Each structure stands twice: as C-alpha cells, then as structure tokens.
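Engineer: Just need the structure, nothing else, for what follows:
(one chain, ligands or ions: 1)
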Amino acid sequence: MIRRIPCAAALLAAGTLACSNPAPPAPGPSASDPARTVWQLSPFALLQAGGYDGLMTVDEVRRHGDLGLAAADELNGEMVMVDGRLYQFLADGRVAEAPGSMRLPFAEVTRWTGGRDIPVAAGQTYGASGMPGMGTLPAGADAFYALRLEGTWDTVVVRTFHQQSRPYPPLDSAVHHQAVDTLINVRGTMAGFWQPAFAKGLSIPGYHLHVLSDDRAKGGHVLSFRAGNVRMQVAERPEFIVHLPPDAIRDVRH
Ligand SMILES: [Zn+2]
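Structural biologist: Numbering: from 1, shown residues only. Presented below is the predicted three-dimensional model:
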C-alpha cells in the first residue's frame with residue numbers, strides 16, 4: 001500500500017508511506033521512478049530505538065536504487081552503495097561486499113543519473129555543522145537531494161558500528177562505542193543525501209554521507225572531512241518514500 005501525503009505533514013503509518021512536494025504533479029515519469037525518488041527502508045526513528053534486525057535483503061533494496069547508504073543486520077557496520085554494489089565496513093577495519101541475500105534494517109537509496117556540479121574548494125571542511133561557506137543547495141533547504149562526491153580528500157574521519165546483540169541498546173548507546181578511523185590522503189567516492197529539517201524522525205536532516213576508498217579498503221559514515229580535489233554533484237529528488245515492513249514495528253517492541 002502506498003500513501004502519498006505532503007512532505008511537511010509526513011506521518012508514520014503501517015505499509016509504505018510516501019510524500020510529495022506540494023507543487024502540482026508534472027506529467028512524465030511515474031512517481032516511483034527510482035531516478036526521481038529517495039527510497040528508504042524503515043523510518044530512522046526505529047533504527048534509533050534499536051531496530052537492528054534485518055528487514056529486507058540487499059537484492060530487494062537494490063531494486064530501488066544504485067547509490068546510497070545502509071546499516072548492516074544487527075548493526076554490524078555502516079554500509080555504502082556505489083554503482084549498485086553495497087559495501088560493509090566492519091568495526092575491525094575490514095571492508096566486505098554484501099551478498100544479495102544479506103538482510104538490512106535500514107537503507108536509503110536512489111538511482112543515480114548524474115547531477116549538478118557544485119564547486120568544492122580545496123580545503124573545504126565538513127563536520128557537524130555541514131559545509132561552512134557552501135550556502136544552500138540549488139532548490140533550497142526544503143528539498144531532498146542525492147549527493148555523489150568523487151576525488152581526493154586530505155582527511156576523512158569515518159565511523160562504523162560494532163555488531164550488537166539482544167537486547168539491543170538504542171542507537172545513541174551504540175554510537176558511544178563506535179569505531180572511528182581517520183583516512184589520510186584518500187581517493188574515493190562519497191554517497192549520500194541532503195534532507196530538510198522536517199525529515200527528522202523519518203530520516204536524517206542535513207547532510208548524511210558515507211565514503212568508500214577507491215581501493216575498497218576503507219570507508220564508513222563520514223563524521224568530518226577536509227577536501228583536496230573534489231567533484232560534488234547534487235540531484236534534487238521530488239519524491240521521498242519510506243517503506244515500513246510490519247517486522248520493523250515488531251522489532252522495536254520486543
Ligand atoms: Zn551514516
């Protein structure tokens with residue numbers, strides 16, 4: 001079931017929840033076109049509450065996009081999807097390509113078809129307050145964007161999670177024990193999203209980036225970076241869909 005409601009009035013409901021910008025629907029591709037959509041498995045609030053059991057397989061998630069990010073079953077690492085391949089960053093530093101059968105508790109993907117170039121100066125920083133000096137993205141702060149950054153970074157501070165066991169602690173406890181690494185002079189690809197403040201609860205407002213080094217040896221959730229020679233592309237997504245399997249509700253009410 002798909003419920004389509006204005007983004008600003010997004011409500012949690014069983015089934016699949018979708019929201020659209022209030023502008024009249026334009027003729028053209030279907031609203032469920034992955035190249036127009038940020039598709040997310042499960043509301044972020046359920047992951048925050050300790051919903052770490054896998055809900056859908058990698059193969060199922062891949063139907064909705066080829067670029068994005070995810071969390072592994074039992075929170076066994078952060079993940080990034082680049083060109084349709086999903087990589088798992090384990091707390092011991094290893095990187096593994098996820099098999100199609102792996103189940104995920106959370107994922108956020110889109111189909112990448114290119115975007116608008118946003119200049120990123122060498123030395124540009126990123127951190128808890130976003131990218132200082134960058135200004136707002138092309139369609140403003142209330143839009144959803146897919147992001148792809150490629151190039152070299154002087155430093156990237158990444159984190160990943162340790163595998164959790166039941167009873168699962170909430171995410172803010174798991175973050176307390178996160179594994180942090182600093183990548184120096186790294187070449188790679190970042191995938192992620194920029195989402196408006198009203199996405200809170202359903203998703204993660206502001207920038208959310210995961211990185212994979214070109215040699216597939218390092219990566220994780222990006223806590224901060226200092227850019228070297230970086231190409232940043234952004235692509236607005238007029239549709240935001242949150243898929244909510246019944247198991248997601250049961251999982252956090254165990
Ligand atoms: Zn993340």
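Engineer: Next one: the most centrally placed residue in the chain from Thr136, what distance?
Structural biologist: Centroid-nearest residue in the chain, with C-alpha atoms, centre = their mean: Leu69, separated by 3.8 Å. Distance, Leu69 to Thr136, using C-beta to C-beta, to the nearest Å: 22 Å. (Glycine included, C-beta is placed from N, CA and C.)
Engineer: who does whichever helix or strand the residue nearest to the centre of the chain is part of pair up with?
Structural biologist: Using DSSP states H and E, Leu69 maps to strand 67-71. With DSSP bridges as the criterion, the sheet partners recorded for strand 67-71 are strand 78-82 (antiparallel), strand 106-110 (antiparallel).
Engineer: Is the nearest residue to Tyr145 once chain neighbours are set aside in a helix, a strand, or coil?
Structural biologist: Leaving aside its chain neighbours, Tyr145 sits nearest to Trp194 (4.3 Å; criterion: C-beta to C-beta, 6 or more residues apart in numbering). Secondary structure for Trp194, judged by DSSP: H, G, I helix; E, B strand; the rest coil, is strand.
Engineer: Is Ala122 located within a strand, as I assumed?
Structural biologist: No. Read with three-state DSSP, Ala122 is coil and lies in no strand.
Engineer: what's around it, how many residues?
Structural biologist: Residues near Ala122, counting by other C-beta atoms under 10 Å, number 12.
Engineer: Angles on the backbone of it, please.
Structural biologist: When quoted as degrees, to the nearest 10, the phi and psi of Ala122 stand at phi -60, psi 130.
Engineer: give the contact list for it.
Structural biologist: 227-229 (C-beta atoms under 8 Å, 6 or more residues apart in numbering).
Engineer: mind giving me TSV with those and columns for secondary structure?
Structural biologist: Formatted as TSV, the contacts of Ala122 follow (three-state DSSP):
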residue	secondary structure
Ala227	strand
Gly228	strand
Asn229	strand
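Engineer: which of these are buried?
Structural biologist: Buried residues within the contacts of Ala122, counting neighbours by 16 or more other C-beta atoms under 10 Å: 227-228.
Engineer: For my notes, please list the contacts of Ala122 in a markdown table and give distance to Thr125 for each entry.
Structural biologist: Output for these, formatted as a markdown table (distance: C-beta to C-beta, whole Å):
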| residue | distance to Thr125 |
| --- | --- |
| Ala227 | 8 |
| Gly228 | 12 |
| Asn229 | 15 |
